[in-house]
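J.: Predicted structure and sequence below. I'll ask about it afterward.
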Amino acid sequence: MFYREAGDFKTSYRDDNQTFPIRLDRAGYWVAIAVAFGIVPFFVNDYWVNAIFAPFFIYAIAALGLNILTGYAGQVSLGTGGFMAVGAYAVYKLMVAFPEINIIFHVLMAGGITAVVGVLFGLPSLRIKGFYLAVATLASQFFLIWLFNKVPWFYNYSASGQINAPERSVFGIIVTGPNTEAWAKYLICLVFLVGVAWMARNLTRGMTGRKWMGIRDMDIAAEIIGVNPLMAKMTAFAVSSFFVGVAGALFFAVYLGAAEAGESFGISKSFLILFMIIIGGLGSIFGSFAGAAFMVLMPVFLKNVLVGGMGWPTDLAAHFEFMIVGGLIVFFLIVEPHGLAQLWRLTKEKLRLWPFPH
């Protein structure tokens, strides 16, 4: 009854191509933004930020980056964890070397450094694709982790081989280090997430995004009609790596506070973010959010229900979580390849037609 386009007239191309064509969607978007920025920071505590909000925001940024590369440009990557490590170690070196510069610029510069590294490892995509490109990016994952573990300069010759985030502030508010307030950690991650999502949405809807999708669907046909495969693939790797580098920088500096390359950014991290975009939906901005929310909330839910409520051992609950994730990946690949995003689209279509069946 309320979810209708009737009466919502479009008088310009800008109105006709807006992200949320239905008035209720637009209202819901602005209400969600207002609540996220104006209400939630006053009520969050350390548990909610460390267990739910901060990992969800950071993984959503990483999932957006991987979805641009794999979902929109069709370039399979298994090196996301390694690129997150590049962002983490880059922001660490910048924070130590230039303590007077704002941490926000450090995070953005770390993303830029990761973009350069991503382009270098993306060069093989000009010659290979599919399974072979996946193996090449997997090699980058192992090489980068080996590099950060074996070269002492990256961790400032620390005896433990671990990097620790120094305390930094934004407008006088501490956002990194052990003295960071929960609401400050929440807001700094939320600001980066909103900025990255806005950038990703505009890129994928514009000429750059159409080039990526042309290369994904049929690269030879795209080249015939004038798309430069070199520029399209390299921009996809650059933008994707930038987002992943920002996520890695926030993951280390704001969320963890201390990290070691092999433990914090191992191959399991790459697969975790890949599972997010498979379950959420390839080639969808909303799918990146949905997949990240599912993979963050599901372990918390299972732990509270199975361990806290039913008294299961923690290791058994963890194994049960792996079974659920594996089963869902198989289910979505077979039944609904476009993931949770497609289910959400179908639900909205049903609401727009209700009470009519077709």
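T.: Perfect, I can see it now. Residues are numbered from 1 along each chain as shown.
J.: For Ser169, give me phi and psi.
T.: phi -130, psi 160 (degrees, to the nearest 10).
J.: I meant Ala259, not that one.
T.: Per degrees, to the nearest 10, the backbone of Ala259 is at phi -150, psi 160.
J.: number of nearby residues for it?
T.: Ala259 has 25 neighbours, counted by other CB atoms under 10 Å. C-beta here means a position set from N, CA and C on the backbone, and glycine is covered the same way.
J.: Excluding chain neighbours, what is closest to it?
T.: Excluding the flanking residues, the one nearest Ala259 by CB to CB, 6 or more residues apart in numbering is Phe252, at 4.7 Å.
J.: I figured that neighbour hits Ala88, correct?
T.: Yes: using CB atoms under 8 Å, Phe252 makes contact with Ala88 at a distance of 3.6 Å.
J.: in the stretch 101-250 of the chain, which spans are strands?
T.: In the stretch 101-250 of the chain, the segments counted as strands under DSSP state E, counting those that start in this stretch are 163-164, 169-170, 173-174.
J.: Packed most tightly, which of those strands would that be?
T.: Counting by mean count of other CB atoms under 10 Å, strand 163-164 has the highest mean neighbour count of the strands of the stretch 101-250 of the chain, with a mean of 22.
J.: Outside of that one itself, list whatever touches it.
T.: Ala88, Tyr89, Tyr92, Phe154, Tyr155, Asn156, Phe252, Gly257, Ala258, Ala259, Glu260 (CB atoms under 8 Å, 6 or more residues apart in numbering).
J.: what residues are up against the last one?
T.: Okay, so that is Glu260. For Glu260, the contacting residues are Ser160, Gly161, Gln162, Ile163, by CB under 8 Å, 6+ apart.
J.: quick one: least confident helix or strand in this structure?
T.: Least confident helix or strand of the chain, by mean pLDDT, DSSP states H and E, is helix 13-16 with a mean of 76.
J.: Now that helix - C-alpha only, CSV.
T.: Output in CSV follows, covering the C-alpha atoms of helix 13-16 (Å, rounded to 0.1, in the frame of the first residue of the first chain):
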residue,chain,number,x,y,z
TYR,A,13,16.9,12.5,-16.2
ARG,A,14,18.5,13.0,-12.8
ASP,A,15,15.3,12.1,-11.0
ASP,A,16,14.8,9.1,-13.3
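J.: That one: how far from the chain's middle?
T.: Here the centre of helix 13-16 is set off from its chain's centre by 29 Å, with CA atoms, centre = their mean, to the nearest Å.
J.: Please apply the same query to stretch 339-358.
T.: The chain centre lies 26 Å from the centre of stretch 339-358; the measure is CA atoms, centre = their mean.
J.: Contacts for that stretch next, please.
T.: If you take CB under 8 Å, 6+ apart as the criterion, stretch 339-358 is touched by 1, 3-5, 22, 277-282, 284, 286-287, 290-291, 294, 332, 336.
J.: before we move on, the earlier item: what about burial for the contacts of Glu260, which qualify?
T.: Ile163 (16 or more other CB atoms under 10 Å).
J.: Would you mind putting the contacts of Glu260 into a markdown table with distance to Leu306 and pLDDT alongside?
T.: Output for these, formatted as a markdown table (distance: CB to CB, whole Å; pLDDT from 0 to 100):
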| residue | distance to Leu306 | pLDDT |
| --- | --- | --- |
| Ser160 | 34 | 83 |
| Gly161 | 35 | 82 |
| Gln162 | 32 | 88 |
| Ile163 | 34 | 90 |
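J.: Now do Thr114 against Phe271, distance only.
T.: Between Thr114 and Phe271 the computed distance is 19 Å (CB to CB, to the nearest Å).
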